[in-house]
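>>> need the 3D shape of this:
(2 chains)
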Amino acid sequence: MAAVQETIDRVKDIDVDQYRYGFETVIESEKAPKGLSEDTIRFISAKKNEPAWMLEWRLEAYRRWLTMTEPTWARVGYPKIDYQDLYYYSAPKPKKKVASLDEIDPEILKTYEKLGIPLREVEILEGVERPAAAAETDADGEAVAPRTKIAVDAVFDSVSVATTFKEELKKAGVIFMPISEALREHPDLVQKYLGTVVPTTDNYFATLNSAVFSDGSFVYIPPGVRCPMELSTYFRINERNTGQFERTLIIADKGAYVSYLEGCTAPQRDENQLHAAVVELVALDDAEIKYSTVQNWYPGNSEGVGGIYNFVTKRGDCRGANSKISWTQVETGSAITWKYPSCILRGDNSSGEFYSIAISNGFQQVDSGTKMIHLGKNTSSRIISKGIAAGKSQNTYRGLVSAHRKASGARNFTACDSLLIGDKCGAHTVPYIEAKNSSAVFEHEATTSKISEDVLFYCIQRGLSQEEAVGLVVNGFVKDVLQQLPMEFAVEAQKLISISLEGSVG
Amino acid sequence: MTALLEIKGLHAEIASGRKIIQGLDLTVNKGEIHAIMGPNGAGKSTLSYVLAGKPGYEVTAGEVTLNGEDLLAMSADERAAKGVFLAFQYPLEIPGVATLTFLRAAFNAQRKARGEAELSSPDLIKRVREIAKTLNIDADMLKRPLNVGFSGGEKKRNETLQMALLQPSLCVLDETDSGLDIDALKVVANGVNALRAAERGMIVITHYQRLLDYIVPDIVHVFAAGRIVRTGGADLARELEATGYAQYQSEAA
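Numbering: from 1, shown residues only, chains lettered A, B, ... in the order given. Presented below is the predicted three-dimensional model:
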């Protein structure tokens, strides 16, 4: 198999040790000067050898951003962000030893060990194909599908460091590469779609991203092609005081299908780090995009110090008839999460889905949800949101379901369930529903419950520890959503959920 | 020989400060089945919770040992790993968690706590299916979320399944007969009887003689106002069926 040799070569190329020391890139010039100005943007654009139109696009966004104010409507509180005190571009440097273990708190190391993240990082970056585990069975005694191949684009701070399985994808006509590379190799495609779902004027954080984004992934699936493997991006913020602004653009042309996974981690830092990403999805006629996220940014310590500020704009455009976009997210990290993956149901008979698990513990603040904008005829959407609040965290679901005047036959089903663990956390549900067409049928269900002491005792009486009991109950609570994840991620997400709730019960 | 369970001068109260157990002495030897009978509110269920270590039940005096070890010093999950099993009167529902998943989690958690190797999924599934067969539990029930939408009979059969899988040294059955029709009662009783063993002791808590027709105890205790007021053989249960508990309630008060 061709992939095997490629895998071996890849392994040599991106050995983890190189992550620490081995990048043969220039050192000093790899970081833009601190602060944000037109010069910073020119610096980034020049670093990436971008076409002139791209620089103009960025500058226009920047000028627009200067006139905007930070939104305050979300149920999150944080000290004012000093945008001049950040680095907007940083590439891995050889001597920084960013991944040096000495630098990381043993507690965090333990967590990552439990998560299997270091392993996973290696494994996934290597694109290792595991031998189909002999008749592995799940809890229900049913055969589990053998591990599938996943192509990965790894983004480390501001740059993409590796993309695997490029050759194999190329054979299928799939384009999967860092967006900076796509800007050079496929400028017309990028120009045609970039900013058409999330315009540069969209919102404060998206506009900032448009000005300064440094990398991210670009995917194009040609007409009628079913992408032969899962595509994945693995984001890692590493550099101190560095904002990460990645931009992802995925286009599924007519009749195409792609499943895309996104994973995120960051090491522990005392100060907060800003992450403001934009993801744009375009599905043309009969196309389908499935986008899954397991977000595990550093959430801050037990006193609420540090952690990632995650202000993300994700939007999918069901541009063609019968198209479908499905978002699945497992949010466990970040000090602040501000994120509403949405679907614009423009094409007739198009459908959108949003499956979400948002877990908050410690002092985390989550304000997340979705928007389903019904524009075409006979469009449908489905929202299943599971919020779990523990510790002293606040967890808000905020959603909009709207039907345009011409959106006859629009249908939506929404179910929002919240689970509280302990008595110092909060769960909030803020649904907006607007039906401007009388034929729209929207359903909304919501529940809020507290984790039952009796249920926990039942589990503990059978031998489970308190934490195992909470993990089991919560995993049951979120099962409907976990089932939407590709098998690879579902198993990991399950572990992550248990780990992120550790220490949540006294 | 060390008794399996030794309760001496036990006093316990609930969080509100109400005294429930008031001077209980009880010794259960390996191989014995003890029935505890008594009126509502006598403290029978409280005894089962105190033994299992449920939060909210405070022991104010007395001691409890399991195989000579201080049971009260152990956390609830430690007690489970040491072999204390409580068959709940009202088994709890856990939505989204398949029965088999729960069984595996419990089984392996106990093994881990005892420093034993975990059982692989296929081996565990095989073992569960064998036990399930004897309790008329079909494969479908094992896949359903634990106790969710189960009938009364299914819940109690499921408790029995867990007990048979976990092989505890001390089984405490709290009102296992409640919510069971006569056929289900027989199935559950057969399951329990199959677990009678020289190394294992049982405490069967019930209001009624009916259950004891099927699970025949070695010793019967009458429990009233938080302590044992009378002890006898299996025939005591039948006597109670005729006379009721009224005399003991006045005696205890």
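>>> shaky segments in chain A?
A:1-31, A:91-165, A:234-243, A:264-272, A:488, A:503-506 (pLDDT under 70).
>>> helix or strand for residue B:149, which one?
For residue B:149, there is no enclosing helix or strand under DSSP states H and E.
>>> same thing with the one 4 residues further on?
Remark: residue B:153 resides in helix B:152-166, with elements defined by DSSP H and E.
>>> tell me the secondary structure for the residue of the stretch 151-300 of chain A found nearest chain B?
Going by C-beta to the nearest C-beta, chain B is nearest to residue A:294 of the stretch 151-300 of chain A, at 18.7 Å. (Glycine included, C-beta is placed from N, CA and C.) Recorded secondary structure, residue A:294: strand (DSSP: H, G, I helix; E, B strand; the rest coil).
>>> I'd like to know how many residues surround it.
23 (other C-beta atoms under 10 Å in any protein chain shown).
>>> who are the contact partners of it?
A:261-264, A:329-330, A:332, A:485, A:489, A:492-493, A:496 (C-beta atoms under 8 Å, 6 or more residues apart in numbering or on different chains).
>>> which one is residue A:442 nearest to, not counting chain neighbours?
In this structure, residue A:442 finds its nearest non-sequential neighbour in residue A:412, 4.5 Å apart by C-beta to C-beta, 6 or more residues apart in numbering or on different chains.
>>> wait, isn't the one you found in contact with residue A:374?
Yes. Applying C-beta atoms under 8 Å, one finds residue A:412 in contact with residue A:374, separated by 7.4 Å.
>>> so which of those two has more stuff around it?
residue A:374 (32 against 24).
>>> need the contact list for the more buried one.
So residue A:374 contacts A:345, A:381, A:401-404, A:407, A:410, A:412, A:440 (C-beta under 8 Å, 6+ apart).
>>> returning to that earlier point: quick one: which of the contacts of residue A:294 sit in strands?
A:261-264, A:329-330 (DSSP state E).
>>> ok, and the helix or strand in chain B with the lowest average confidence?
Least confident helix or strand of chain B, by mean pLDDT, DSSP states H and E, is helix B:246-252 with a mean of 67.
>>> just to revisit the earlier point, hey, what's in contact with both of residue A:412 and residue A:374?
Residues touching both residue A:412 and residue A:374 (C-beta under 8 Å, 6+ apart): A:381, A:401, A:440.
>>> ok, and which of those reach chain B?
With the criterion set as C-beta under 8 Å from any C-beta of the partner chain, no member of the shared contacts of residue A:412 and residue A:374 is near chain B.
>>> mind checking which of those are buried?
A:381, A:401, A:440 (16 or more other C-beta atoms under 10 Å in any protein chain shown).
>>> would you tell me which residues of chain B are close to chain A?
Residues of chain B lying near chain A (C-beta under 8 Å from any C-beta): B:52-56, B:76-77, B:80-81, B:85-86, B:88, B:91-98, B:100-102, B:104-107, B:109-110, B:113, B:121-122, B:125, B:139, B:142-143, B:145, B:162, B:166.
>>> thought residue A:364 was touching residue A:300?
Yes. With contacts counted by C-beta under 8 Å, residue A:364 reaches residue A:300, the gap being 7.0 Å.
>>> common neighbours of the two, please.
Shared contacts of residue A:364 and residue A:300, counting by C-beta under 8 Å, 6+ apart, come down to A:307, A:335.
>>> so which of the two has more stuff around it?
Legend: neighbour count by other C-beta under 10 Å for residue A:364 and residue A:300, higher for residue A:364 (29 against 24).
>>> ok but residue A:431 is inside a helix, no?
No. Membership of residue A:431 in a helix is not supported by three-state DSSP, which gives strand.
>>> mind checking how far it is from chain B?
22 Å (C-beta to the nearest C-beta, to the nearest Å).
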